[in-house]
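Asks: Kindly return the folded structure for what I paste below:
(one chain, ligands or ions: 1)
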Amino acid sequence: MSADRTVPTWLVRGARPLGGDPTDLLLRDGVVAEVGAGLTAAGAEVMDADGLVALPGLVDLHTHLREPGREDAETVESGTLAAALGGFTAVHAMANTDPVADTAGVVEQVWRLGREAGHCDVRPVGAVTVGLAGGRLAELGAMADSAARVRVFSDDGHCVSDAVLMRRALEYVKAFGGVVAQHAQEPRLTEDAQMNEGELAGRLGLSGWPGVAEEAVVARDVLLASHVGSRLHVCHVSTRGSVEILRLAKARGLPVTAEVTPHHLLLTQDLAATYDPVYKVNPPLRSAEDVRALREGLADGTIDAVATDHAPHPAEDKECEWAAAAFGMLGLETALSVVQHTMVDTGLLDWAGVADRMSVRPARIGRVADAAEPHGRPLAAGEPANLVLLDPGTRRTIDPTDLASLSRNTPYAGTTLPGQVVATFLRGRPTVLKGAPA
Ligand SMILES: [Zn+2]
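Replies: From the prediction side, this is the model:
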């Protein structure tokens, strides 16, 4: 008999795991019970997945859920529903909330809200420094030991620019196999910066944000991680120079990983010419040459993962003049489509590659591949039934009012993108069916 009677058995017929040959998947008791052609199961719910690609449930290393503190922009409930609709079964919730997630109490609150919502697993990211202020280390050990079992630490939104603090954080997380995720932005080089530095910024009268402000921190942190023998993860890489530094680091076998956002794989600085703050983001949109290098870096594995940097903002913080607007854009519900468009439809990655960069590797980096409830596992018998089924053959035009997010700041409004998530399963239970909340 079923160990958990609340999870019905599902027979998914004719899905294509990693884009391969069609097969059936039997999901029972929260795990993939069987994979093979012509499966039967009495009493099972049947889903016709003819032509759909099956991938392990996506894992986001970089989500801003805004709760506690900015529930007008997003909540754990709305953000994780957006995640499920985007095919995610786990998200890492960034620490720049109000209060900041810099204590065991706050990370446990976020973790509990995630469990209550039930749309996907929420893994809180702990702040590196108290209040993200860059002054002294937060209680990293207490957050690691908490019920939330924090393993990723980041001051994201801010750079840990002090080399001594960064070194101490890297040393500290070694004790429990944690990782420091750096938002690489040299603060003095980016004072008042508004968009990518260059001729266009000059013409638009917006202060420039040089690529070297990112690259200088990436290079320093690679050297620090090497010196300390600890794990560094670089958030939202945006320049060709950063990709080159990471390529050198990996050639030396250093324990460094990196992510790129969907928007940096697709959009360029040219959009700033509209002066529409929906395109204002940190780090800024870069040149077409940078976009090419980011795609190549993701394709050859120099960049390990796609991470959304989903950053909801209410209208009053985005619908104003460029210089006054907040940085950030939505990402969860469009990430897979943008990756299909930029990486799969261009021939740079196959679906197995997408599974690797959006599930397997981010799960390992975020330490959820070997957790009590693991993610990023193969679609094989005995593995947890965390999966997404998508229709790569459909196209959809993005309407911001259709999104589950409480905010509307998507840069893709009115844009037609390929692919649609049809269903998402979290431990055998559907969170999304027929493209809608289950
Ligand atoms: Zn950031």
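Asks: And the closest residue to the ion within the stretch 301-438 of the chain, how close does it get to residue 156?
Replies: Nearest residue of the stretch 301-438 of the chain to the ion, counting by C-beta to the ion: residue 309, 6.2 Å away. Using the backbone N, CA and C atoms, a C-beta is placed for each residue, glycine as well. For residue 309, the distance to residue 156 (C-beta to C-beta, to the nearest Å) stands at 8 Å.
Asks: before we move on, what about residue 200?
Replies: Taken as C-beta to C-beta, the span from residue 200 to residue 156 is 27 Å.
Asks: Comparing those two, which residue is more hemmed in?
Replies: Ranked by neighbour count (other C-beta atoms under 10 Å), residue 200 and residue 156 place residue 156 first, with 26 against 17.
Asks: That one: which element?
Replies: Using DSSP states H and E, residue 156 sits within no helix or strand.
Asks: Not counting its neighbours along the chain, what's nearest it?
Replies: Excluding the flanking residues, the one nearest residue 156 by C-beta to C-beta, 6 or more residues apart in numbering is residue 183, at 4.5 Å.
Asks: for this structure, which helix is longest?
Replies: Longest helix in the chain, counting residues (DSSP state H): helix 212-228.
Asks: check whether that one contacts the ion.
Replies: No - with C-beta under 5 Å from the ion as the criterion, the ion is not reached by helix 212-228; the gap is at least 10.5 Å.
Asks: Now do the buried residues in that helix.
Replies: 213-222, 224-226, 228 (16 or more other C-beta atoms under 10 Å).
Asks: That helix: what's the following helix or strand?
Replies: Note on helix 212-228: by DSSP H and E, the next helix or strand toward the C-terminus is strand 232-234.
Asks: what does that next one contact?
Replies: 61, 152, 170, 179-182, 184, 218, 221-222, 224-225, 242, 246, 255-259, 365 (C-beta atoms under 8 Å, 6 or more residues apart in numbering).
Asks: which secondary structure elements does the following helix or strand past that strand contact?
Replies: Past strand 232-234, further along toward the C-terminus, the next helix or strand under DSSP H and E is helix 240-251. In terms of contacts (3 or more C-beta pairs under 8 Å, 6 or more residues apart in numbering; DSSP states H and E), helix 240-251 is packed against helix 212-228, strand 256-260, helix 288-299.
Asks: how about the helix or strand just after the shortest one against the ion, any contact?
Replies: Just to be clear, that refers to strand 256-260. Following strand 256-260 in sequence order, the next helix or strand is helix 262-266 (DSSP H and E). No - against the ion, helix 262-266 shows no contacts by C-beta under 5 Å from the ion, the least distance being 11.6 Å.
Asks: surely residue 73 meets residue 330?
Replies: No - counting by C-beta atoms under 8 Å, residue 73 sits too far from residue 330 to count as a contact (10.3 Å).
Asks: Neighbour count: the two, which is higher?
Replies: Each of residue 73 and residue 330 has its neighbours counted (other C-beta under 10 Å); residue 330 has more, 31 against 24.
Asks: returning to what we had before: by contact count, what packs against the longest helix of the chain?
Replies: Helix 212-228 sits against helix 163-174, strand 179-182, strand 232-234, helix 240-251, with contacts defined as 3+ C-beta pairs under 8 Å, 6+ apart.
Asks: quick one on the thing from earlier: the helices and strands packed on helix 240-251 into TSV, with extra columns for mean pLDDT?
Replies: Converted to TSV, the helices and strands packed on helix 240-251 look like this (pLDDT from 0 to 100):
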stretch	mean pLDDT
helix 212-228	98
strand 256-260	99
helix 288-299	98
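Asks: and residue 40, which of these is closest to it?
Replies: Nearest of the helices and strands packed on helix 240-251 to residue 40, taken as C-beta to C-beta: helix 288-299 at 40.1 Å.
Asks: can you pull the buried residues of that closest one?
Replies: Buried, per 16+ other C-beta under 10 Å, within helix 288-299: 290-291, 293-295, 297-299.
Asks: thinking again about what came up before, send the alpha carbons of the longest helix of the chain over as PDB?
Replies: What follows is helix 212-228, C-alpha atoms only, in PDB (Å, rounded to 0.1, in the frame of the first residue of the first chain):
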ATOM      1  CA  VAL A 212      35.900  45.700 -15.000                       C
ATOM      2  CA  ALA A 213      33.900  46.500 -11.800                       C
ATOM      3  CA  GLU A 214      32.600  42.900 -12.000                       C
ATOM      4  CA  GLU A 215      35.800  41.300 -13.400                       C
ATOM      5  CA  ALA A 216      38.100  42.800 -10.700                       C
ATOM      6  CA  VAL A 217      36.000  41.200  -7.900                       C
ATOM      7  CA  VAL A 218      35.700  37.900  -9.800                       C
ATOM      8  CA  ALA A 219      39.400  37.700 -10.200                       C
ATOM      9  CA  ARG A 220      40.100  38.600  -6.600                       C
ATOM     10  CA  ASP A 221      37.600  36.100  -5.300                       C
ATOM     11  CA  VAL A 222      38.900  33.300  -7.500                       C
ATOM     12  CA  LEU A 223      42.400  34.000  -5.900                       C
ATOM     13  CA  LEU A 224      40.900  34.100  -2.400                       C
ATOM     14  CA  ALA A 225      39.000  30.900  -2.900                       C
ATOM     15  CA  SER A 226      42.100  29.200  -4.200                       C
ATOM     16  CA  HIS A 227      44.200  30.500  -1.300                       C
ATOM     17  CA  VAL A 228      41.700  29.400   1.300                       C
END
